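J.: what follows is a protein structure lacking sequence information:
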DNA sequence: ATATATTTGATATATCGTATAACAATTATC
DNA sequence: GATAATTGTTATACGATATATCAAATATAT
């Protein structure tokens, strides 16, 4: 209803392949104001970066989320599931199956806390530490290196700062 | 297995609340190298930005994805579903239900093309144009304004450029 | 000390975004 | 004119995300 702008007229090939002086209506679509939408570029960039991350760390079969868990466990040993999950923005129910996966691969362990027997103390295993070390190398040499080649170290750092700023204060 | 690092010892409260000279093991977890991971900050920032977008444009009930479709339809009238979807990185099967939603709200219409009777020519309705105009205003005055307050116009533009660069060339 | 409330990990479940395969109708190619 | 390719669609599956609920354990209040 009320389509306006040349109502009952098919514009497909008629208008598109027509007047060449009409501001170049080539074949590629115009993003227009979409290019100025931060959220749009943000998401597309995030997908690309995650994609590259997964590709770089593929030999270790670690997703970005799993990698972040291992990193956090290494830096904060002895914390419980609630603490780790909430720090990463993961809901506790969803963190259970995630831990199941990591623990079944013997990358980390849950140990009932003696202080509070409700909670599970989380620790990396030696195997987990080893895999994490290898993952860090892959990320550093393959993943982050590519970023530096694209942006340069200073711009890369500036980008990181702004993103952290948004994630924190927005 | 092989947990190492103080094997059979519960570190929960024992170690945590202990030595105050031990480099401040407060209560907050340390992100550590996570702060240097671009993908991590990228995703958290993206979630925040999307969240704010949804909040700002809530009176119009438009998701970021729907907004991007309307924007693209406005700038590129008369295109078919495959073209619009692929430009936005949406798979054609998933775009069907998305269009169903927009069309049922009479924000756009599908018209069988007379040139190629397989394809649907997509057009914004007047109602769709009106909603889009209001959405743009909300995004500009509420959403993007907040970004400018947080980063400043020049840094905001620099950020946008780097993200677009990553989305394109990475 | 006992009753009540809170916390923790877990299960079940629902929703959404995303991915692939397959189909009928139509068009393009050989 | 036979075969291949494209378009929109359906069905379906998987993962990420969200809420409600539960038993066990702990904390709090009376």
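T.: Structure's in. What do you need? Bear in mind the structure is a predicted one, so any value in this text is a computation, not a measurement. Residues are numbered from 1 along each chain as shown, chains lettered A, B, ... in the order given.

J.: who in chain A is up against DNA strand C?
T.: Within chain A, the positions near DNA strand C by Cβ under 7 Å from any atom of the strand are A:80, A:81, A:82, A:92, A:93, A:96, A:99, A:110, A:116, A:118, A:119, A:120. The way it works is simple: take the backbone N, C-alpha and C, and place the C-beta from them, glycine included.

J.: apply 6 Å and report the result again.
T.: A:80, A:81, A:82, A:92, A:93, A:96, A:99, A:110, A:118, A:119, A:120 (Cβ under 6 Å from any atom of the strand).

J.: now for the second one: which residues touch it?
T.: Which is residue A:81. With contact taken as Cβ atoms under 8 Å, 6 or more residues apart in numbering or on different chains, residue A:81 is in contact with A:92, A:95, A:96, A:99, A:110, A:119, A:120, A:122.

J.: and the third one, how far from chain B?
T.: Looking back up the chat, that one is residue A:96. 19 Å (Cβ to the nearest Cβ, to the nearest Å).

J.: name the helix or strand for that residue, please.
T.: Using DSSP states H and E, residue A:96 sits within helix A:92-104.

J.: give me the mean pLDDT for the helix or strand just after that helix.
T.: Next along the chain after helix A:92-104, taking DSSP H and E as the criterion, comes strand A:108-112. The average of the pLDDT scores along strand A:108-112 is 97.

J.: ok, the residue positioned nearest the centre of chain A - contacts?
T.: In chain A, the residue lying closest to the centroid (Cα atoms, centre = their mean) is residue A:50, at 4.6 Å. Contacts for residue A:50 (Cβ under 8 Å, 6+ apart) come out as A:64, B:39, B:43.

J.: any idea how far the closest residue in space to residue A:143 that isn't next to it in sequence is from residue B:45?
T.: Leaving aside its chain neighbours, residue A:143 sits nearest to residue A:56 (4.4 Å; criterion: Cβ to Cβ, 6 or more residues apart in numbering or on different chains). The spacing between residue A:56 and residue B:45, counted by Cβ to Cβ, to the nearest Å, is 21 Å.

J.: neighbour count winner among the two?
T.: Between residue A:56 and residue B:45, counted using other Cβ atoms under 10 Å in any protein chain shown, the more crowded position is residue B:45 (25 against 19).

J.: just the element for the more buried one, please.
T.: Per DSSP H and E: helix B:38-56 holds residue B:45.

J.: what mean pLDDT does that helix get?
T.: Mean predicted lDDT for helix B:38-56 stands at 98.

J.: my guess is residue A:75 contacts residue B:30. True?
T.: Yes - using Cβ atoms under 8 Å, residue A:75 is in contact with residue B:30, at 5.0 Å.

J.: thinking again about what came up before, just the buried subset of the contacts of residue A:81, please.
T.: Buried members of the contacts of residue A:81, scored by 16 or more other Cβ atoms under 10 Å in any protein chain shown, are A:95, A:99, A:110, A:119, A:120, A:122.

J.: which one of these is nearest to DNA strand D?
T.: Using Cβ to the nearest atom of the strand, residue A:119 is the member of these that sits closest to DNA strand D, with 8.0 Å.

J.: and the residue nearest to residue A:143, what does it touch?
T.: Applying Cβ under 8 Å, 6+ apart to residue A:56 gives the contacts A:138, A:139, A:142, A:143.

J.: the same query, at a cut-off of 10 Å, please.
T.: Residues in contact with residue A:56, defined by Cβ atoms under 10 Å, 6 or more residues apart in numbering or on different chains, are A:135, A:138, A:139, A:140, A:141, A:142, A:143, A:144, A:145, A:146.

J.: what do you get for residue A:52?
T.: A:139, A:142, A:143, A:144, A:146, A:147, B:38, B:39, B:166, B:170.

J.: how about the strands in chain A?
T.: Along chain A, the stretches classed as strands by DSSP state E are A:108-112, A:120-124.

J.: packing partners of the last one?
T.: This points to strand A:120-124. Where contact means 3 or more Cβ pairs under 10 Å, 6 or more residues apart in numbering or on different chains; DSSP states H and E, strand A:120-124 is packed against helix A:64-75, helix A:81-87, helix A:92-104, strand A:108-112, helix A:126-138.

J.: so for it, what's the average pLDDT?
T.: Strand A:120-124 comes out with an average pLDDT of 98.

J.: can you state the direction angle for it and helix A:64-75?
T.: Angle of strand A:120-124 versus helix A:64-75, following axes from the mean of the first three to the mean of the last three Cα atoms, to 10 degrees, is 100 degrees.

J.: wondering if strand A:120-124 reaches DNA strand D at all.
T.: No - using Cβ under 6 Å from any atom of the strand, strand A:120-124 stays clear of DNA strand D, with a minimum separation of 11.4 Å.

J.: need the contact list for residue A:152.
T.: residue A:158.

J.: phi, psi of it?
T.: The phi/psi pair for residue A:152 (degrees, to the nearest 10) reads phi 90, psi 150.

J.: re the thing from before, and which of the contacts of residue A:81 is nearest to residue A:158?
T.: Using Cβ to Cβ, residue A:95 is the member of these that lies nearest residue A:158, at 32.6 Å.
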